[in-house]
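A.B. asks: My questions are about this predicted structure, shown below with the sequence.
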Amino acid sequence: MIETAAASGVAFEPTEYINGNADSGLLLLCDHARNTVPPGYGDLGVPAEQFERHIGYDIGARAVTVELAQRLKAPACLTTFSRLLIDPNRGDDDPTLIMRLSDGAVVPGNAWVDAAERAHRIATFHKPYHDLIDQTLDVMVAKAPPPVIVSIHSFTPVWRGVPRPWHVTVLWDSDPRAVRPMLDGLRAQEDLVVGDNEPYDGALKNDTMYRHASRRGLAHVLLELRQDLIADQPGALEWADRLEPILKTIASNLECRRIQHFKSRSDTE
């Protein structure tokens with residue numbers, strides 16, 4: 001069911017931070033961790049069952065992120081609000097930042113959003129998440145070789161009636177340093193169907209990875225896990241088992257952790 005933030009007098013916190021070692025070599029991110037609607041927004045006029053779908057949040061992604069952060073002793077930054085309110089994985093100039101229609105579901109609470117409300121949502125929800133990532137990276141870079149950024153997402157097993165064959169996909173733009181060992185590690189597990197920039201491309205100007213990884217020259221990888229595989233705790237634990245050794249290898253690779261400069265494909269389009 002939809003998570004509604006209770007009007008308890010306690011200010012709504014738009015971010016969740018899991019403390020970890022600054023020298024862990026990894027920073028974990030979860031852009032779409034919850035389907036919570038903050039106080040003052042009700043249910044955005046959307047039926048509760050819609051918040052259980054991928055349009056409300058990335059099903060299972062938070063559980064995998066939290067489990068990996070605990071095992072790897074790595075810091076993690078997560079959001080606490082539904083992507084239907086505002087999408088933190090979009091630049092603040094992106095027309096899809098606040099969706100009025102999402103995969104067939106009308107969002108009445110977004111129909112009236114004007115420039116002032118858009119600015120309010122950016123300042124209140126979107127910006128604090130990105131500020132938290134920046135602050136965490138500043139601390140990590142000051143204390144150790146730069147970390148590799150790993151973003152955890154999930155995707156639907158069926159899209160518009162067409163089954164998706166992948167168990168996991170790796171999205172990226174132009175920096176292969178963390179991508180290659182991730183793909184190698186996943187493909188070595190012979191029971192997996194692994195996608196490379198499927199079902200969509202990882203080059204998105206001003207998204208979270210562009211903003212915090214590409215601009216800083218940090219190695220990074222975005223993982224999309226199929227939602228039906230991680231929708232419950234046993235599934236999340238299984239995928240933490242699969243990913244943990246790969247991420248340990250990536251974190252220990254100092255070549256991955258050197259700051260480099262790459263030309264984003266999205267810059268040339």
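C.D. replies: Cool, got the structure.
A.B. asks: show me the residues around Val193 that make contact.
C.D. replies: 165-167 (C-beta atoms under 8 Å, 6 or more residues apart in numbering). Every residue, glycine included, has its C-beta placed from N, CA and C.
A.B. asks: Looking at those residues, which is nearest Asp201?
C.D. replies: Lowest distance from Asp201 to the contacts of Val193 (C-beta to C-beta) belongs to Trp166, with 14.4 Å.
A.B. asks: Can you give me every residue that contacts the residue lying closest to that closest one once chain neighbours are set aside?
C.D. replies: Sequence neighbours aside, Gly195 is the residue nearest to Trp166 in space, at 3.9 Å (criterion: C-beta to C-beta, 6 or more residues apart in numbering). Neighbour list for Gly195: 166, 168-170, 224 [criterion: C-beta under 8 Å, 6+ apart].
A.B. asks: can you list the contacts of Val193 in CSV and add neighbour count?
C.D. replies: Formatted as CSV, these follow (neighbours: other C-beta atoms under 10 Å):
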residue, neighbour count
Pro165, 11
Trp166, 18
His167, 19
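A.B. asks: Need these in TSV (columns: pLDDT, secondary structure and distance to Pro181).
C.D. replies: Output for the contacts of Val193, formatted as TSV (pLDDT from 0 to 100; DSSP: H, G, I helix; E, B strand; the rest coil; distance: C-beta to C-beta, whole Å):
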residue	pLDDT	secondary structure	distance to Pro181
Pro165	95	coil	23
Trp166	97	coil	19
His167	98	coil	18
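A.B. asks: which one of those is nearest Asp175?
C.D. replies: For the contacts of Val193, the nearest to Asp175 is Trp166 (21.5 Å; C-beta to C-beta).
A.B. asks: Report whether the expected contact of the closest one with Arg226 is present.
C.D. replies: Yes. Judged on C-beta atoms under 8 Å, Trp166 makes contact with Arg226 at a distance of 6.6 Å.
A.B. asks: And what about the residue nearest to Trp166, helix, strand or coil?
C.D. replies: At Gly195 the chain is in strand, as set by DSSP: H, G, I helix; E, B strand; the rest coil.
A.B. asks: What helix or strand is the nearest residue to Val168 once chain neighbours are set aside located in?
C.D. replies: Distance criterion C-beta to C-beta, 6+ apart; nearest residue to Val168, sequence neighbours excluded, is Leu225 at 5.4 Å. Using DSSP states H and E, Leu225 sits within strand 220-226.
A.B. asks: Please apply the same query to Asp241.
C.D. replies: helix 233-252.
A.B. asks: tell me which residues in that helix are buried?
C.D. replies: Within helix 233-252, the residues scored as buried using 16 or more other C-beta atoms under 10 Å are 235-236, 239-240, 242-243, 246-248, 250-251.
A.B. asks: And those, which is closest to Gly42?
C.D. replies: Using C-beta to C-beta, Ala236 comes nearest to Gly42 of these, at 29.8 Å.
A.B. asks: gap between the closest one and Glu67?
C.D. replies: 6 Å (C-beta to C-beta, to the nearest Å).
A.B. asks: go on, Glu198?
C.D. replies: Using C-beta to C-beta, we find Glu198 at a distance of 25 Å from Glu67.
A.B. asks: pLDDT wise, what is Asp232 at?
C.D. replies: What the model reports as pLDDT for Asp232 is 97.
A.B. asks: Please read the previous query as pertaining to Phe262.
C.D. replies: Looking at Phe262, the pLDDT reads 65.
A.B. asks: which residues of the chain score low on pLDDT?
C.D. replies: In the predicted model, the chain carries pLDDT under 70 at residues 1-10, 103-105, 262-269.
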